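Asker: Below is the structure, and that's it, no one-letter string:
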């Protein structure tokens, strides 16, 4: 009997380095453009004002990344974030002592939403778009029931924790860094994390080796909801008097930062650091466009364009495109000579 050694494909760092390098180059480019065309977009005040929202987007992006790694997509981001905002701003009624109980209530709602998505998608095998849209509608029903659509100021302690700065850096940045470290360690350095990525990369192969694919797929939505909860609570503190629909603006960007970071929409390996850097880039891009004085609709189109470019960078075989282009040029040159 011949012993055949099958070389396991080792996780390459190139994909991660490509994602990080791509986003860093884009970030440098937008800073240079800001310096040349809109200097106010890179002023100290503008940067400090942008960082809290970039940190919130980074946390949301990490949650979306976990779902995308399983080949899904979570459209319940707006409802999840908005419900967390409404709960932590309405239940305490300005009392600092009631903030923690309010966060506990928001946690239970987030856990429930995550389990609903996990059951519908992981075990019943519903389409993620349909299932998460339905969950999002349920969450917005709860939002209207709690808030009546009216905003309310958050408690002082939440404004201090989320909105203040430590050593000159907005506190939300520290929360984003902690979230990045936790997600990176769990996904990249633990056995469960490696199995999680394997289950997302190839479900048939994962089934063959005995991985519980349904559990990994379902739990990605639960952990995503925990990150949306954190982002919503921080956003409530940053904005002081948030509206009931602030989560609506985070759906497209949450997917865009995942794609720009290099995570495939088909599932598999995720790149937390690149995702966080993409959130910083996207918010700085938004700051740049805002400084140019363009309408809000144009800013949304710019975000959509960033999403499309991200998909193109990582999904198109550019080497094959270049070969075909060179082949066409050679054919054209041969015809001219003949």
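Answerer: Received, thanks. It should be emphasised that the depicted structure is a prediction, and the values quoted were computed from it without experimental measurement.

Asker: Please count neighbours and contacts with C-alpha atoms only from this point.
Answerer: Will do.

Asker: and the spatially closest residue to residue 42 that is not a sequence neighbour, which of the three is it?
Answerer: Closest residue to residue 42 apart from its sequence neighbours, by C-alpha to C-alpha, 6 or more residues apart in numbering: residue 34 at 6.3 Å. The three-state label given to residue 34 by DSSP: H, G, I helix; E, B strand; the rest coil is helix.

Asker: Beyond the helix or strand harbouring residue 102, next helix or strand please.
Answerer: Secondary structure assigned from DSSP states H and E places residue 102 in helix 99-117. Beyond helix 99-117 on the C-terminal side, the first helix or strand identified by DSSP H and E is helix 128-147.

Asker: buried ones in that next one?
Answerer: Buried residues in helix 128-147, counted by 16 or more other C-alpha atoms under 10 Å: 128, 131-133, 135-136, 139-140, 142-143, 146-147.

Asker: what angle sits between the following helix or strand past it and helix 99-117?
Answerer: Following helix 128-147 in sequence order, the next helix or strand is helix 156-163 (DSSP H and E). Using axes from the mean of the first three to the mean of the last three C-alpha atoms, to 10 degrees, the direction of helix 156-163 lies 60 degrees away from that of helix 99-117.

Asker: Please render the buried residues of helix 128-147 as TSV that adds distance to residue 113 and pLDDT to the earlier fields.
Answerer: Shown next, in TSV, are the buried residues of helix 128-147 (distance: C-alpha to C-alpha, whole Å; pLDDT from 0 to 100):
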residue	distance to residue 113	pLDDT
128	13	94
131	11	94
132	9	95
133	12	94
135	7	95
136	9	95
139	8	95
140	12	93
142	11	92
143	13	92
146	16	88
147	19	84
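
Asker: would CSV of those residues with distance to residue 234 be doable?
Answerer: Converted to CSV, the buried residues of helix 128-147 look like this (distance: C-alpha to C-alpha, whole Å):
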residue, distance to residue 234
128, 27
131, 26
132, 23
133, 24
135, 22
136, 20
139, 19
140, 19
142, 20
143, 17
146, 19
147, 18
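
Asker: could you measure the residue nearest the centre of the chain against residue 69, distance?
Answerer: Nearest to the geometric centre of the chain sits residue 61, at 1.2 Å (C-alpha atoms, centre = their mean). Counting by C-alpha to C-alpha, to the nearest Å, the gap from residue 61 to residue 69 is 12 Å.

Asker: Could you check how far residue 237 is from residue 300?
Answerer: Distance, residue 237 to residue 300, using C-alpha to C-alpha: 25 Å.

Asker: what's the angle from the helix holding residue 102 to helix 128-147?
Answerer: If you take the same axes, to 10 degrees, helix 99-117 sits at 150 degrees to helix 128-147.

Asker: ok, the closest residue to residue 119 other than its chain neighbours - contacts?
Answerer: Of all residues not flanking residue 119 in the chain, residue 218 sits nearest, at 6.6 Å (C-alpha to C-alpha, 6+ apart). For residue 218, the contact set (C-alpha atoms under 8 Å, 6 or more residues apart in numbering) comprises 115, 117-119, 121-123.

Asker: Residue 218 sits in which helix or strand?
Answerer: Secondary structure from DSSP H and E places residue 218 in helix 213-239.

Asker: Which strands or helices does the next helix-or-strand element following that helix pack on?
Answerer: The helix or strand immediately downstream of helix 213-239 is helix 251-260, counting by DSSP H and E. Contact partners of helix 251-260 among helices and strands, from 3 or more C-alpha pairs under 8 Å, 6 or more residues apart in numbering; DSSP states H and E: helix 44-69, helix 272-291, helix 296-315.

Asker: could you give the angle of helix 251-260 to helix 44-69?
Answerer: 80 degrees.

Asker: So what touches helix 251-260?
Answerer: Residues contacting helix 251-260 (C-alpha under 8 Å, 6+ apart): 19, 23, 57-58, 60-62, 64-65, 68, 75, 77-78, 265, 274-276, 278-279, 282, 303-304, 306-307, 309-311.

Asker: Same check on stretch 82-89?
Answerer: Counting by C-alpha under 8 Å, 6+ apart, 99, 102-103, 105-106, 110, 139-140, 142-143, 146-147, 151-155, 229, 232-233, 235-236, 241-248 sit against stretch 82-89.

Asker: what is the mean pLDDT for that stretch?
Answerer: Taken as a whole, stretch 82-89 has a mean pLDDT of 93.

Asker: before we move on, what about stretch 281-296?
Answerer: 84.

Asker: ok, now stretch 21-29?
Answerer: Here the average pLDDT along stretch 21-29 is 85.

Asker: cool, stretch 112-120 as well?
Answerer: According to the model, stretch 112-120 has a mean pLDDT of 95.

Asker: can you list contacts of that stretch?
Answerer: With C-alpha under 8 Å, 6+ apart as the criterion, stretch 112-120 contacts 80, 126, 131-132, 135, 139, 217-225.

Asker: Thanks again, I'm all set now.
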